[in-house]
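K.L.:
what's the 3D shape of this:
(one chain, ligands or ions: 1)
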Amino acid sequence: MQDNSARIDVLGIGFDSLTMQEAVDRALALLDEPGAHRVVTPNPEIVEVCRENLAARHAVKSAGLVLPDGIGVIKGAAMLGTPLKEKVPGIEFAAQLMGKMAESGRSLYLLGSKPGVARTAGNRLSAQYPGLRIAGTHDGYFQDDAPVVEEIRQSGADVVFVCLGAPKQELWMAKHGEATGAKLLCGLGGSLDVFAGTVERAPKFWREHNLEWFYRLCKEPRRAGRMMKLPLFLVHVQQEKRRKCREN
Ligand code: UDP
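P.N.:
Down below sits the predicted model:
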């Protein structure tokens, strides 16, 4: 039974305070522990979803690793007086994990995104990480879960990247994780689109200045509605901060 008491609470979600290196090491350690373990990478938008969606909240909180995907959560934790070590963007975590998996010949199943994208991502990743075994791929637009779960089980994959968007991927992993037979399942949003080269990450300057969210907003204005959750998150953090001050 893992001890999650050391997690840092940000609006009801406990985050693991780890450096990127520590997070990857913890994930590798989970691969050798019995059972199916889940990694989630909530950003402020997902924290806000979890405030209203009990099932999503449970799926996120019960994961083996809860990593702060973006600067918003880091700022929120700092504002609440309980800073987290550093942001651990899901896509960078995934890249580092694949590097380590390649060294030990571990296998990876890619689930999610539009038809063809996971396969392209798989081809590119096996070229990029020699030694990494791609056990299989499947798009994220299926009706029945059971055949997909069975396909993953048959593939014998050690790790599954589940990229169905939030909170669908967190709920899917919580429901089917054990049945896939995989040791580790990571919810990684739109990462397959980036690995396949169909979507580009923000250039380094934007990432280094914590403006990746703004870059994505400019590229995909349809995200504006979703991104309104960010100011809401900050309002809720301020409210929580005031509440904590009153209590102390
Ligand atoms: N997606 C999917 N099945 C669905 C809904 C979404 O596979 O039923 C995929 C979608 O194609 C995209 C990813 O999930 O590749 C979600 O990407 P988004 O940019 O919304 O995620 P973020 O990285 O912002 O969490």
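K.L.:
SS state for the residue of the chain found nearest the ligand?
P.N.:
Per Cβ to the nearest ligand atom, residue 140 is where the chain lies closest to the ligand, at 1.9 Å. In short, each C-beta sits where N, CA and C put it, glycine included. Using DSSP: H, G, I helix; E, B strand; the rest coil, the structure places residue 140 in coil.
K.L.:
give me the beta-bridge partners of the closest residue to it other than its chain neighbours?
P.N.:
Closest residue to residue 140 apart from its sequence neighbours, by Cβ to Cβ, 6 or more residues apart in numbering: residue 112 at 3.7 Å. Taking DSSP bridges as the rule, residue 112 bridges to residue 163.
K.L.:
OK, contacts around residue 112?
P.N.:
By Cβ atoms under 8 Å, 6 or more residues apart in numbering, the contact list for residue 112 reads 118, 138-140, 161-164, 169, 188, 192.
K.L.:
Most neighbours among those, which one is it?
P.N.:
Within the contacts of residue 112, residue 192 tops the neighbour count with 31 neighbours, counted by other Cβ atoms under 10 Å.
K.L.:
Report the helix or strand with the lowest average pLDDT across the protein.
P.N.:
Ranked by mean pLDDT, DSSP states H and E, the weakest helix or strand in the chain is helix 224-227, scoring a mean of 75.
K.L.:
what's next to that one, contact-wise?
P.N.:
45, 213, 217.
K.L.:
again, only using 10 Å
P.N.:
Here helix 224-227 makes contact (Cβ atoms under 10 Å, 6 or more residues apart in numbering) with 44-45, 48-49, 166, 213-214, 216-217, 220-221.
K.L.:
Which residue ranges of this protein form strands?
P.N.:
Counting by DSSP state E, the chain has strands at residues 8-10, 13-15, 37-40, 65-66, 107-112, 133-138, 159-163, 184-187.
K.L.:
closest one to residue 54 among those strands?
P.N.:
Among these, strand 13-15 comes nearest to residue 54, with 12.7 Å by Cβ to Cβ.
K.L.:
pLDDT averaged over the closest one - what is it?
P.N.:
Per-residue pLDDT over strand 13-15 has a mean of 98.
K.L.:
any residues touching that strand, and which ones?
P.N.:
Strand 13-15 is contacted from outside by 4-9, 40-42, 46-47, 50-51, 57, 60-61, 63, 65-69, 73-74, 76-77, 82, 84-85, 88, using Cβ under 10 Å, 6+ apart.
K.L.:
still on that earlier bit, and the contacts of helix 224-227, which are buried?
P.N.:
Using 16 or more other Cβ atoms under 10 Å as the burial test, the contacts of helix 224-227 include 44-45, 48-49, 166, 213, 216-217 as buried.
K.L.:
Put together CSV for those, with distance to the ligand on each row.
P.N.:
Listed next are these as CSV, based on distance: Cβ to the nearest ligand atom, whole Å:
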residue, distance to the ligand
44, 11
45, 8
48, 13
49, 11
166, 5
213, 10
216, 8
217, 11
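K.L.:
what sits against the residue positioned nearest the centre of the chain?
P.N.:
What sits nearest the mean C-alpha location of the chain, by Cα atoms, centre = their mean, is residue 41, with 3.3 Å. The contact partners of residue 41, by Cβ under 10 Å, 6+ apart, come to 15, 23, 60, 63, 65-70, 73, 87-94, 166, 169-170, 186-189, 191.
K.L.:
what about it, distance to residue 180?
P.N.:
Per Cβ to Cβ, to the nearest Å, residue 41 is found 19 Å from residue 180.
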